[in-house]
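Engineer: Provide a 3D model corresponding to the input given below.
(2 chains)
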Protein chains: 2
Amino acid sequence: MEINETTLKELKTKMGVIQTEFMQKKIPIIAIFEGWSAAGKGTVISQLINRMDPRGYNVFSIEPELESRFSPLCEMYETLPPYGNMSVLDGSWYTRTVASFVREKISTKQLNELCQSTTDFERALANDGYIILKFFLDIPKEEQKKRMDELKDKKSTAWRVKEFDEYQNDHYFEFKECYETVMERTDTAFSPWIKVSATNKQDAVYSIFNEIISAIERANAAKQVPQYPFAQNIPTEPTKGLDGCDLNAYLPKDEYKGVLKDLQKKITKLQTQLYIKKIPVVVAYEGWDAAGKGGNIRRLSSALDPRGFDVIPIAAPSEADRAHHYMWRFWKNLPKSGHTAIFDRTWYGRVMVERIEGFCSEAEWKRAFEEINEFETYLAKQGHVVLKFFINIDADEQLRRFEARRDTPEKSWKLTDEDWRNREKWDVYYSAVSEMIERTNTEQAPWHVIASNDKSYARIKVLSTVAKAFEKALDDA
Amino acid sequence: MEINETTLKELKTKMGVIQTEFMQKKIPIIAIFEGWSAAGKGTVISQLINRMDPRGYNVFSIEPELESRFSPLCEMYETLPPYGNMSVLDGSWYTRTVASFVREKISTKQLNELCQSTTDFERALANDGYIILKFFLDIPKEEQKKRMDELKDKKSTAWRVKEFDEYQNDHYFEFKECYETVMERTDTAFSPWIKVSATNKQDAVYSIFNEIISAIERANAAKQVPQYPFAQNIPTEPTKGLDGCDLNAYLPKDEYKGVLKDLQKKITKLQTQLYIKKIPVVVAYEGWDAAGKGGNIRRLSSALDPRGFDVIPIAAPSEADRAHHYMWRFWKNLPKSGHTAIFDRTWYGRVMVERIEGFCSEAEWKRAFEEINEFETYLAKQGHVVLKFFINIDADEQLRRFEARRDTPEKSWKLTDEDWRNREKWDVYYSAVSEMIERTNTEQAPWHVIASNDKSYARIKVLSTVAKAFEKALDDA
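Structural biologist: Just a heads-up that it's a prediction; the model follows:
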């Protein structure tokens, strides 16, 4: 196809116009540029953004072989655009994964697991309205060699050819085979791969522009305005999720201090081992208001080196949180290798408060169960220790504690009107919690329902569960 | 002094109580822990946060010798707590700077400049209500050696002693001398150094607790609630800041395209050189509404590799922005080495719109001039190319452009009611702008006032100014 300057200029202008539409309609777009080194990704991206409003996009450069202490998808979470924005990715976790595989740093099994998790991740985004387009810029081995030689010949461009690029050309066919496998496994209707011949760069630019513009046009046309507020959704019958938790469980006061100290010492030692072996840990805390989450978390965290853990308190989502997929604020707080992230309330808010109060649609909270299971499976498969605690009390115990807080001046700030309002909905929450536990109690990430009418018992129970999980992870490592 | 368990427990509890106060009063606190390796920083931090609410603090671990592509203070900006929060820093830029000096990676001149910039930075924070406490945990050389040997003797702790720690012990007295210089130069009333003997760890913990608690108590007592909204402040007489800009300046249409292409090619080449030499660039754009900033920026950015620059559009501050020092959103967008950050509107908002509309107090915008000059001096001394453009048109030209936007359907979204409201205050803004330019036109970061009644002229003028600055930076490098 003949491309002339005018046509390209028209496309650029169209891109600028269409951008004001997706910005206004709050559609988020992810354009991933993959392909061979020297295929011309930089040129394509330059053209693409040429007429775009800088308030509406961000370009990210992903180094192909940076050693990272974060899991592969975790890095991608950082590049996630807010609604109405576009992320342009020069390289992505795909390059890194393919390079790791060719250099034999990861196995076929790990490669396949990563492909599965990526597809799950991309589906979750697409369901939330993200447009995802993945371009592979293709050139033959000889063409790549030729372009790299030309770059190396000139003093001003020689630095552009890195060790990695030469390695890739030397192992072109191993890379090709791996790319093909990965692309086949992650090619979906909601996140398609588009292979583009980049031997002629202008042709490549032209077809990429057309793909992006038509995808956005389709999305613009289809976009529906959500109907706020959503209907509140109240499950009527509790399932068995919270059964089998004996709330009378209790630990004699005189035993508590000794057992606590021993367990904390044990956890301190085990965490050091996890740190050395670079195993990351995710601890999720849920539970009733006044169930004793705070004190429980403190008993755990004071056994950990403060330089190796973060407590992430989850309250109402901020402005930035609301401008992204609901999982974003959790994704971006995942731990580095060897570190521990303790979430004080979690992503389960989606199927509890957000469901019950109508902060999300029925379709949204319904698919959240699957998305959450996929997310936790990803963490487990990527070597994270995943621990989920539901700190459980009964309604009478909650009332006693609320009254005690109300009547104790230095604790009264802990008690809000909202706590009382939530308490009125105890039965509704009970049903939602039991359904949640049933549907997300997976082998990779089982729930631990912790009886906490006796706080001492609950603390010891959590700490011993943590210690056991740490030991198991070290044995398996 | 005798310290027993009970006293320590009381201090921890007091810390927990006092925290609810500084959270409610929105006081931000920075506690920096510096000192010798193996002095017990981890232990102190553990104790400090033991009874604190995790919603109110964050612990940051700063590696002493990480190679970073960001300038030293830029790293610290990341650890800045929001109002009402506390950042606990295990190590800081101080460790890194001292280590760089001892290992002869930076000169005495650079060390002194960094000390000066840090003091400026800490003063700006303190003026904004931040409490800053810097602890130096001191142990003698022999004690450090002894502790490290003990760690190395046990298999479970040997990994804790890093190459850097041994180097530090071997060069103890060089480190000591450098630390003393740095501490002397950065010890101020608003950001004091507190040297603590850490030979006995419990004594150290005790005195650190007392220092922190009393500093917070003093601040709690002194804290005044700001009186919103502040009085609007309108300078009456324009100074000479905008004089000497000939708005009739004009470039013949037939010359524009050729000159533009040549300049863009030149800038592309120069930026590649800057990238190789790892020189970062900061470009600040200010100007009247409809002066043509957007188009001007695009002519510059399309000459740059999209993987090497970011355009940072500055609109009304977000929730997160408002929870920090007003410079925070600029600090956190500073470029990596070799990269370019283009700010579309800037920190000068403080002395224009915020001043005029009363979004900040008189004291705040008045000291902003100095803070801005210090900030830009820091950037320049740290090797950034700093370019500031004020895109200038007259009131008649603005009216013509507003009317053209209003009457052109695909451009009308660019024009808002606020633009018309701002236009009514043209004279007031004119005076504020001219004062701003006079007071912040420094040798390190001079203003370029760009006549833009003819947009083509303005674009060429900016590009040639950029090219010249790039050439100069490369010559000086």
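Engineer: leaving aside the residues next to it on the chain, what's closest to the residue nearest to the spatial centre of chain A?
Structural biologist: Closest residue to the average C-alpha location of chain A: A:Trp331 at 3.4 Å, with CA atoms, centre = their mean. Leaving aside its sequence neighbours, A:Trp331 sits nearest to A:Tyr77 (CB to CB, 6 or more residues apart in numbering or on different chains; 3.7 Å). Just so you know, the C-beta spots here come from the backbone N, C-alpha and C atoms, and that holds for glycine as well.
Engineer: check contacts around the one you found.
Structural biologist: By CB atoms under 8 Å, 6 or more residues apart in numbering or on different chains, the residues touching A:Tyr77 are A:328, A:331-332, A:334.
Engineer: Save those residues as TSV, and put in pLDDT and secondary structure too.
Structural biologist: Listed next are the contacts of A:Tyr77 as TSV, based on pLDDT from 0 to 100; DSSP: H, G, I helix; E, B strand; the rest coil:
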residue	pLDDT	secondary structure
A:Trp328	93	helix
A:Trp331	93	helix
A:Lys332	90	coil
A:Leu334	93	coil
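Engineer: With respect to B:Arg350, which of those residues is nearest?
Structural biologist: A:Lys332 (29.0 Å; CB to CB).
Engineer: How much space separates that closest one from A:Cys74?
Structural biologist: 8 Å (CB to CB, to the nearest Å).
Engineer: ok, the two, which is more surrounded?
Structural biologist: Comparing A:Lys332 with A:Cys74 by other CB atoms under 10 Å in any protein chain shown, the one with more neighbours is A:Cys74, at 21 against 15.
Engineer: and that one, what does it touch?
Structural biologist: Counting by CB under 8 Å, 6+ apart, A:Cys74 touches A:331, A:334.
Engineer: Assumed it was part of a helix.
Structural biologist: Yes: judged by DSSP: H, G, I helix; E, B strand; the rest coil, A:Cys74 forms part of a helix.
Engineer: Tell me which stretches of the stretch 101-250 of chain A form strands.
Structural biologist: For the stretch 101-250 of chain A, the strands defined by DSSP state E, counting those that start in this stretch cover A:131-138, A:193-197.
Engineer: do the longest one and chain B meet?
Structural biologist: No: counting by CB under 8 Å from any CB of the partner chain, chain B has no neighbours in strand A:131-138; the shortest distance is 14.5 Å.
Engineer: now swap in stretch A:417-428 and tell me
Structural biologist: No: judged by CB under 8 Å from any CB, stretch A:417-428 stays clear of chain B, getting no closer than 15.7 Å.
Engineer: That stretch - what's its average pLDDT?
Structural biologist: Mean per-residue pLDDT for stretch A:417-428: 92.
Engineer: From the chain's centroid, how far away is that stretch?
Structural biologist: 30 Å (CA atoms, centre = their mean, to the nearest Å).
Engineer: ditto for stretch A:459-477
Structural biologist: Remark: stretch A:459-477 is offset 24 Å from the chain centroid, using CA atoms, centre = their mean.
Engineer: and what of stretch A:108-125?
Structural biologist: The answer for stretch A:108-125 is 12 Å, by CA atoms, centre = their mean.
Engineer: Backbone torsions only: list them for A:Asp310.
Structural biologist: Dihedral pair for A:Asp310: phi -130, psi 140, per degrees, to the nearest 10.
Engineer: Dig out what the closest residue to it other than its chain neighbours forms beta bridges with.
Structural biologist: Using CB to CB, 6+ apart and skipping residues adjacent in sequence, the residue nearest A:Asp310 is A:Ala341, 5.6 Å away. Beta-bridge partners recorded for A:Ala341 (DSSP bridges): A:Val282, A:Asp310.
Engineer: A:Ala341: what's it in contact with?
Structural biologist: Shown in contact with A:Ala341 (CB under 8 Å, 6+ apart): A:280-283, A:309-310, A:312, A:333-335.
Engineer: do the same with A:Asp90
Structural biologist: By CB under 8 Å, 6+ apart, the contact set of A:Asp90 is A:33, A:41-42, A:45, A:59-62, B:306-307.
Engineer: Among these, pick out the one closest to B:Arg401, please.
Structural biologist: Closest to B:Arg401, out of all of the contacts of A:Asp90 and judged by CB to CB, is B:Pro306, at 28.5 Å.
Engineer: separation between that closest one and chain A?
Structural biologist: For B:Pro306, the distance to chain A equals 5 Å [CB to the nearest CB, to the nearest Å].
Engineer: pretty sure that residue contacts A:Val59?
Structural biologist: Yes: between B:Pro306 and A:Val59 a contact is recorded at 4.7 Å, counting by CB atoms under 8 Å.
Engineer: Could you tell me which residues touch both of these two?
Structural biologist: Contact criterion CB under 8 Å, 6+ apart; residues shared by B:Pro306 and A:Val59: A:45, A:49, A:88, A:90.
Engineer: so which pair among these is furthest apart in space?
Structural biologist: The span of these, defined through CB to CB, is set by A:Ile49 and A:Asp90 at 11.2 Å.
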